[in-house]
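1. mind looking at a prediction? Sequence and model below.
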Amino acid sequence: MADDVQALTARLAADPTSLAFLALAEELRCRGQLAAARAIASGGVARHPHLADGYDVMGRILADQGEGDLAFDAWTTALRLSPEHIGAHKGLAYLAFRSNDLARVLRHLELAAQHDPSDEALVRAVERTRAQVAGGSPSAASPTGTPLGAGGPGTLLVDKQGRRLAGAILHPDGSEVSDTIAAQLAAVAREIARTARLLQLGVWSNLEVEGPDATWSLVAPTQDTILLAADQPGTPPGRLAMTAERAARQAGQWLESLGT
Amino acid sequence: MTRDHDVLEPLVRIPGVRAALLVAEDDGLVVSEASMTDVDTAAIAALSSSLWGKLRKTSVASGHRPPQLLQLRADHGALLVAGLERELLGVAVTGDTGNTGLVRLALLALQRDGVR
């Protein structure tokens, strides 16, 4: 809310040593004002170099900016200051998830869950990841299903920077094209949002694409992600849309459990 | 009224359709239009063409042929775009009560039968 930002900014202006910088930086991050959020968080961390929460919020901002290495540094610093910091463990799990390193995802989620066993979403994420690790397949890292392009339904989850979070797309010749498609989907997502806004259609919910070789459905599980579900040509669009929405719910829960 | 315009008649007769257009795929300019309300058809054409182009590029990058039809659904309506002959796009915008199933069928018929 604009009022929140104004009030927090006023508090911070009145007392630059206030911990209001934590909430202000997070609010700006959630609004997508990443440069401003980073400036506020940097100032706060400089004033409170022993506050783990400061590095945690900085980690989230850096991750959103695509600065994975710096985000890693921020969260590991948070853990040095506070080894039980749940947010830092979730953040590192998120980075590991983006790298498809399931064992590391599980390790950080388990540590986070140990420190907050009442967090049901976190406990579910641990159980789900444990099952995926037991499955032993890298593609099991996908919260939503099987690789795309092998003849059956497939999914690809990407962030707004166009980076693949889960799932895969294979070219009909068998080569991996997931990262290329992920980058293009980010541009598609921006174009969809722009089109819906300028044509005064409101908030978009679904984009269905019918083609001679595939049927696609695009949905946004969260404000920062887009999910592509694909199936054979001729698949009833409504059915694929339902599949995509179900996958999006699972992806949203997964991302929520990682605190992103 | 051109023959191009005539092919839009079945679309605008569908309840809930706010505008129907033929759009040049490459530059996003309106070739023919029939709107039922005061809508900015130039904007519809430009945005439809741009979105179509990005999806076409993505489809080709995945090893598939270009798409045939897209439907963008939103809170207050929908945008439907179909690839037609002569590098044209058939475009329809509906309100939130529009029957997108009928619009889809009309666009597929246009795709099948041609615009002349």
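-> Received the coordinates, thanks.

2. how are the helices of chain B distributed by residue range?
-> Listed in chain order, the helices of chain B (DSSP state H) span B:3-6, B:9-12, B:41-61, B:100-113.

3. and these, which is most packed in?
-> Highest mean neighbour count among those (mean count of other C-beta atoms under 10 Å in any protein chain shown): helix B:41-61, with a mean of 20. Every residue, glycine included, has its C-beta placed from N, CA and C.

4. quick one: list the elements packing against it.
-> Contacts defined by 3 or more C-beta pairs under 8 Å, 6 or more residues apart in numbering or on different chains; DSSP states H and E place helix B:41-61 against helix A:178-198, strand B:17-24, strand B:30-35, strand B:69-74, strand B:77-83, strand B:88-95.

5. mind running it again at 10 Å?
-> Packing partners of helix B:41-61 (3 or more C-beta pairs under 10 Å, 6 or more residues apart in numbering or on different chains; DSSP states H and E): helix A:178-198, strand A:204-210, strand A:215-219, strand B:17-24, strand B:30-35, strand B:69-74, strand B:77-83, strand B:88-95.

6. to A:G252, which of those lies closest?
-> Among those, the nearest to A:G252 by C-beta to C-beta is strand A:215-219 (9.8 Å).

7. beta partners of the residue most central in space within chain B?
-> The centre of chain B sits closest to B:V91, judged by C-alpha atoms, centre = their mean, with a distance of 1.3 Å. Assessed by DSSP bridges, B:V91 has beta-bridge partners B:L21, B:V81.

8. pretty sure it contacts B:A106?
-> No - using C-beta atoms under 10 Å as the test, B:V91 is too far from B:A106 to be in contact (11.7 Å).

9. low pLDDT regions in chain B?
-> Applying pLDDT under 70 to chain B picks out residues B:1-5, B:116.

10. residue in it nearest to chain A?
-> Of all residues in chain B, B:D75 sits closest to chain A, at 3.0 Å by C-beta to the nearest C-beta.

11. now list whatever residues contact both of B:V91 and B:A106.
-> B:L8, B:L11, B:A20, B:L80, B:A82 (C-beta atoms under 10 Å, 6 or more residues apart in numbering or on different chains).

12. run the angle between the helix or strand of chain A with the lowest mean pLDDT and strand A:215-219 for me.
-> Ranking every helix and strand in chain A by mean pLDDT, DSSP states H and E puts helix A:237-257 at the bottom, with a mean of 73. For helix A:237-257 against strand A:215-219, the angle by axes from the mean of the first three to the mean of the last three C-alpha atoms, to 10 degrees is 40 degrees.

13. what residues sit buried inside helix A:237-257?
-> Neighbour-count burial for helix A:237-257, counted by 16 or more other C-beta atoms under 10 Å in any protein chain shown, picks out A:237, A:240-241, A:243-245, A:247-248, A:250-255, A:257.

14. just the closest of these to chain B, please.
-> Nearest to chain B among those, counting by C-beta to the nearest C-beta, is A:P237 at 6.9 Å.

15. check contacts around the closest one.
-> With contacts defined as C-beta under 10 Å, 6+ apart, A:P237 is in contact with A:206, A:208-210, A:215-217, A:231, B:69, B:71, B:100-101, B:104.

16. now these as CSV including distance to A:E176?
-> Rendered in CSV, the data for those read as follows (distance: C-beta to C-beta, whole Å):
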residue, distance to A:E176
A:N206, 27
A:E208, 25
A:V209, 21
A:E210, 25
A:T215, 21
A:W216, 18
A:S217, 22
A:D231, 20
B:L69, 28
B:Q71, 29
B:T100, 35
B:G101, 36
B:R104, 33
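
17. what's the closest of those to A:L111?
-> The nearest one, if we look at the contacts of A:P237 relative to A:L111 and count by C-beta to C-beta, is A:S217, at 36.2 Å.

18. quick one: residues contacting the closest residue in space to that closest one that isn't next to it in sequence.
-> With sequence-adjacent residues excluded and distances taken as C-beta to C-beta, 6 or more residues apart in numbering or on different chains, A:S217 is closest to A:A244, at 3.9 Å. By C-beta under 10 Å, 6+ apart, the contact list for A:A244 reads A:144, A:153, A:155, A:206-208, A:216-219, A:221, A:227-231.

19. where does chain A have low pLDDT?
-> A:1-3, A:135-154, A:173-174, A:256-260.
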